[in-house]
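S.K.: Provided below are the primary sequence and the corresponding predicted coordinates.
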Amino acid sequence: MPGPEILTAEQRYGDPAGYRCHLLHAEPDGAFSVVTMVWRPGQATPIHDHVTWCVFGVIQGTENEERYTLRDDGWLKQAGTAVNATGDVTGLAPPGDIHRVRNAGPQTAISLHIYGTDISRMGSSVRRIYDLPILAGLPG
Ligand SMILES: [Fe+2]
């Protein structure tokens, strides 16, 4: 994994208004895109899933991930959590990739994401935002 020095100061900037995404590269044939995301402490994505696979690694700080399943009754149930520290690499592949990513650490978090689509054409990797009630409690 590279460090945050591969990014410009502008790309590393954490916006007080919300987490930010920067498209670094879109492969001309649409096969994949490279995106960086920057979270200030406490910032989080909405609960969402994706149109394509993603591999992502943390290059600064720590990112907490909550994974969910969608029940037949329309409620979300938390299916697990992960703490991804600097240097950790993980991935996801739809379907069943409903999650939320949050910077629960004290410093700005930055991650690199590779998505299997052309983000410059799609605008986003997000398939759907889930604004649904969540069952309390963790599995088990
Ligand atoms: Fe995501």
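M.R.: Good, I have the coordinates.
S.K.: give me the residue at the spatial middle of the protein.
M.R.: The centroid of the chain falls nearest to residue 101 when counting by CA atoms, centre = their mean (5.4 Å).
S.K.: residue ranges with poor pLDDT in the protein?
M.R.: 137-140 (pLDDT under 70).
S.K.: as a quick check, tell me the outermost residue of it.
M.R.: Farthest-from-centroid check, the chain (CA atoms, centre = their mean): residue 73, 26.0 Å.
S.K.: so which strand or helix has that one?
M.R.: Residue 73 is located outside every helix and strand, with elements delineated by DSSP states H and E.
S.K.: could you tell me how far it is located from residue 95?
M.R.: The gap separating residue 73 from residue 95 is 18 Å, by CB to CB, to the nearest Å. To be clear about C-beta, it is placed using only N, CA and C from the backbone, and glycine gets the same treatment.
S.K.: rewinding a little: what's the separation between the residue farthest from the centre of the chain and residue 133?
M.R.: 10 Å.
S.K.: and stretch 102-113, end to end?
M.R.: By CA to CA, to the nearest Å, the extent of stretch 102-113 from end to end equals 15 Å.
S.K.: ok, residues contacting that stretch?
M.R.: Stretch 102-113 has contacts (CB atoms under 8 Å, 6 or more residues apart in numbering) with 1-2, 4, 7, 12, 14, 19, 24, 34-45, 54-66, 84, 125.
S.K.: thank you, goodbye.
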